[in-house]
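Colleague: model the following, please.
(one chain, ligands or ions: 1)
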Amino acid sequence: MSDSLERLYLAVLAARDLDPATSRTARLFQRGPSKMAKKLAEEAIEVVIDAVNGDAKAVVRESADLLYNLTVLWASAGVRPEDVWREMSRREDMLGIAEKLPKSAMKLPKVASPRISARRPIAALEGRGARKRH
Ligand SMILES: N=c1c2ncn([C@@H]3O[C@H](COP(=O)(O)OP(=O)(O)OP(=O)(O)O)[C@@H](O)[C@H]3O)c2ncn1[C@@H]1O[C@H](COP(=O)(O)O)[C@@H](O)[C@H]1O
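Modeller: Reported below is the predicted structural model:
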């Protein structure tokens, strides 16, 4: 999947400077981040509606649109796909699955994921309110 997204990301970068009259991507760049965000949100809602309606084929179609609009927003924000893959790997190393760190240290799993046990114990941050060491 990451290969497809990376190819799409490069295609979006290449289309950025095309004629907005003929390129949707160039038109999105011309209209700026707020339009990109609006389209991304619209696609996310379309995926949700189709999923709630149990229309798997529509979920596939709208998910492709969602990922397209996400790569456009990434490009506009200066985010590269590899930046996201790196963050997902970091989370996987911490927790064994790609999810956010729990807000408090208390919720970290008792048994570290196999990838962690082979490494130095990781001091869990307690989120933004992490106490400073005295
Ligand atoms: N991968 C995509 C891609 N996925 C979805 N879309 C378009 O994004 C829109 C999302 O669906 P919507 O129903 O929300 O859009 P719409 O209602 O048809 O029209 P709007 O309301 O958005 O104006 C559709 O029009 C899709 O055609 C895409 N448009 C372009 N690409 C790729 O982006 C690259 C650049 O293409 P151009 O933008 O055509 O230069 C190429 O590699 C393309 O294949």
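Colleague: who are the neighbours in contact with the most centrally placed residue in the chain?
Modeller: Centroid-nearest residue in the chain, with C-alpha atoms, centre = their mean: residue 84, separated by 6.1 Å. Listed by C-beta atoms under 8 Å, 6 or more residues apart in numbering, the contact set of residue 84 reads residue 74. C-beta: built from backbone N, CA, C; applies to glycine.
Colleague: how far away is residue 28 from residue 82?
Modeller: 22 Å (C-beta to C-beta, to the nearest Å).
Colleague: more crowded one of the two?
Modeller: Set residue 28 next to residue 82 and count neighbours by other C-beta atoms under 10 Å: residue 28 wins out with 24 against 11.
Colleague: and the more buried one, what helix or strand is that in?
Modeller: Taking DSSP states H and E as the criterion, residue 28 maps to helix 24-31.
Colleague: same check, this time on residue 48
Modeller: Using DSSP H and E, residue 48 falls within helix 33-52.
Colleague: residues of that helix that come out buried?
Modeller: 36, 39, 40, 43, 44, 46, 47, 50 (16 or more other C-beta atoms under 10 Å).
Colleague: test my guess that the last one contacts residue 66.
Modeller: No: in this structure, residue 50 is not within contact of residue 66 by C-beta atoms under 8 Å, at 10.8 Å.
Colleague: was I right to think residue 63 contacts residue 46?
Modeller: No: Residue 63 is not in contact with residue 46 according to C-beta under 8 Å; the separation is 9.2 Å.
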